[in-house]
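> sequence first, predicted coordinates after that:
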Amino acid sequence: MAGRQDTQRVRIRPTTVGHTRWRTSKRGAGQAPSLAENGEAVSEAAEVIQEPISVRAAVGFFAGQVGGLTALAYYVGYVQTGATLRYFGVPSSLVEFSTAQYVVRAAGSALSPIMLAGFLTAIFALIHPQLVGALQKKSPLIRRRILGTITWIGLCQAGTAAALAFGVAGYVPNPAVFWLLLAAGLAVSFYGLALRARTYTGRHDSFGPVAQLAVVALILGALFGGLSIYLQERGTKVARAVSLSLESQPYVRVLSASPLSVSGPGITEIQLSGEEGAYQYGYEGLVFLIRSEDRHFLLPREWAPGAPVIVLVEQEGIRFEYYRAPGW
């Protein structure tokens, strides 16, 4: 019927990132919405949709970064603590630390890897735009040669590092370096291939998800391999430093109502006077190592490799007294 007004759905594409918004307008069939109507809808979409999405994106990004850093700090604390305990002959399975405790213990060790990762990321963020701009000014042949050179440099570096890491890693001063070089070589070769694919095909996913996942898994595996070796060496160094400065550790006196049969180099058992006292035996010559749940890990004051680590459990009839070493 002539003059009939139909309800028409108009699809609005806002210039900002957000969901597609539909609005209903009454207009004659076949008539397009006016510019004023379109501008009004875009303004409403930007005002209503943009802010919640940006807030959700910021919260999601922050939560993801915090979760990733917490997991990394937990891994750092777990590996280093295990290496420190193994130096004293204590199985890491005997220690039950919470996630927060592992994160706190990793505060010093995780600082160097995080700073290195941040430094490399900043360098990449500065170099990448300059490299892309320089390549755009070159001829196609020169671009192909430059990107091919970058790819081959990365592959040669990764191959050499892999041969050294798997072949003679036990005879080099720091085998973690070769794992990090392997990860760097894989990253450089993947970057060269990705940049070449983007330059000639205009696509970011020319390798396919399976190939990308495989390369990322190899890079992460090499990074964690090098990080694991670094943390084990650092944990051993921390243990050696503790063993060489036991006089600076907190001293421990253990009082007991019954004999505990605690012995070791420098440990003395003292029978306390007074038959009516709650504690009849005392043990001197102990220093603090760690505490996990209700277990106290103590070292003889004259500990040396081969000497035992004393593990005592908190229970009725036993008291622990901690005090500062003389001169500290």
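On my side now, so go ahead.
> tell me the buried residues in the helix or strand containing Leu186?
If you go by DSSP states H and E, Leu186 is part of helix 176-201. If you call a residue buried by 16 or more other CB atoms under 10 Å, then helix 176-201 has these buried ones: 176-197. Backbone N, C-alpha and C define where each C-beta goes, glycine included.
> ok, now how distant is the most centrally placed residue in the chain from Val177?
For the chain, the residue nearest the mean C-alpha position is Leu72 (2.0 Å; CA atoms, centre = their mean). With distances taken as CB to CB, to the nearest Å, Leu72 is found 20 Å from Val177.
> do Asp294 as well
Applying CB to CB, the value for Asp294 to Val177 is 42 Å.
> counting neighbours, what do you get for Gly235?
Residues within reach of Gly235, counting by other CB atoms under 10 Å, total 23.
> repeat that for Tyr102.
Tyr102: 20 surrounding residues under other CB under 10 Å.
> how about the contacts made by it?
Residues near Tyr102 by CB atoms under 8 Å, 6 or more residues apart in numbering: 73-74, 77-78, 81.
> what sits closest to it if chain neighbours are left out?
Gly77 (3.4 Å; CB to CB, 6 or more residues apart in numbering).
> tell me which element that neighbour falls in.
In this assignment (DSSP H and E), Gly77 forms part of helix 35-87.
> before we move on, what about Phe320?
strand 318-323.
> which strands and helices sit next to that strand?
strand 251-256 (3 or more CB pairs under 8 Å, 6 or more residues apart in numbering; DSSP states H and E).
> can you name the residues in contact with the strand it packs on?
For strand 251-256, using CB under 8 Å, 6+ apart, the contacting residues are 260, 262, 272, 279-284, 286-288, 296, 298, 301, 312, 317-325.
> what is the mean pLDDT for the top strand by length along the chain?
In the chain, assigned by DSSP state E, the strand with the most residues is strand 281-292. Summarised as a single mean, pLDDT over strand 281-292 is 91.
> repeat that for stretch 78-98.
Stretch 78-98 comes out at a mean pLDDT of 88.
> same check, this time on stretch 318-328
This predicted structure assigns stretch 318-328 an average pLDDT of 81.
> sorry, back to before: next structured bit after the helix holding Gly77?
Going down the chain from helix 35-87, the next helix or strand is helix 99-105, by DSSP H and E.
> so for that following helix, what gets flagged as buried?
Within helix 99-105, the residues scored as buried using 16+ other CB under 10 Å are 101-103, 105.
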